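In: pasting a predicted model and its sequence here:
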Amino acid sequence: MEERNELYPVFLKVSKLNVLIVGGGNVGHEKLHFLLKSSPNANVEVVAKWFAPEVIELAKKHNLKLTKSSYRRKFLKKKHFVVAATNDARLNKRVYRHAKKRYLLANIADTPELCDFYMGGIVNKGHVKIAISTNGKSPTTAKRLRQFFEEVIPENVNEMVQNLNEYRKTLKGDFEAKVIQMNTITESLISKKE
């Protein structure tokens, strides 16, 4: 049987969730950078003994909370998910164990077996967002696919989405009837060009 990616993709409203990142160095910066690139209003607290200048810069730009401290389990209180991004494998595993006791989702950097979710490649064009996952197998493939989609999705896609949203509001009938009408009107978007 062919292996398949069984991850379930979701789009989180991280401005309404409380996110904890443990680690203020290069890995913490990478995780924070990609989170904020996609969701600039994310509600994030970063806990670390020290912070790279890039982390401090992002925190100022996005009004994030930086807590200069060793990690303690109390930092998980009132959090929805946690990212452990330190260069200390034992500390990262401890964060994971604490998160599991609180039923929190956790992402432990560079340790797929300790990840409840992955932070995949993201294509963002206005209201259209595409998340790409290779099931943790090949970040380079995800990067190339992201570049491909960024090139092929037209710049005016946002205008099209807005227009279709306005049209959808004018439709009559029940949910099923509206779905059929929207499918008909959008069918040309994926039809092969002769």
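Out: All right, it came through fine. Please read all numbers here as calculations on a predicted model, not as lab measurements.
In: residue contacts, the most centrally placed residue in the chain?
Out: Nearest to the centroid of the C-alpha atoms of the chain, with distances taken as Cα atoms, centre = their mean, sits Met119, at 5.2 Å. Met119 makes contact with 31, 34-35, 83, 107 under the criterion Cβ atoms under 8 Å, 6 or more residues apart in numbering. (Glycine included, C-beta is placed from N, CA and C.)
In: any idea which helix or strand carries it?
Out: Met119 belongs to no helix or strand when assigned by DSSP states H and E.
In: quick one, phi psi at it?
Out: Recorded main-chain torsions at Met119 are phi -100, psi 90, according to degrees, to the nearest 10.
In: over to Ile122?
Out: Torsion angles at Ile122 (phi, psi; degrees, to the nearest 10) stand at phi -130, psi 130.
In: so what's it up against?
Out: Ile122 makes contact with 34, 37-38, 129-132, 146, according to Cβ under 8 Å, 6+ apart.
In: so which of the contacts of Met119 wins on neighbours?
Out: The most crowded member of these, judged by other Cβ atoms under 10 Å, is Val83 (27 neighbours).
In: surely it is within a strand?
Out: Yes - with DSSP: H, G, I helix; E, B strand; the rest coil as the criterion, Val83 is located in a strand.
In: who are the contact partners of it?
Out: Contacts of Val83 by Cβ under 8 Å, 6+ apart are 19-23, 31, 35, 106-109, 119.
In: now go through those residues and say which are in strands.
Out: Among the contacts of Val83, the residues falling in strands (DSSP state E) are 19-22, 106-108.
In: now those in TSV, with pLDDT and distance to Ile185?
Out: Listed next are the ones in strands among the contacts of Val83 as TSV, based on pLDDT from 0 to 100; distance: Cβ to Cβ, whole Å:
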residue	pLDDT	distance to Ile185
Val19	98	38
Leu20	98	43
Ile21	98	42
Val22	98	47
Ala106	98	42
Asn107	96	39
Ile108	96	44
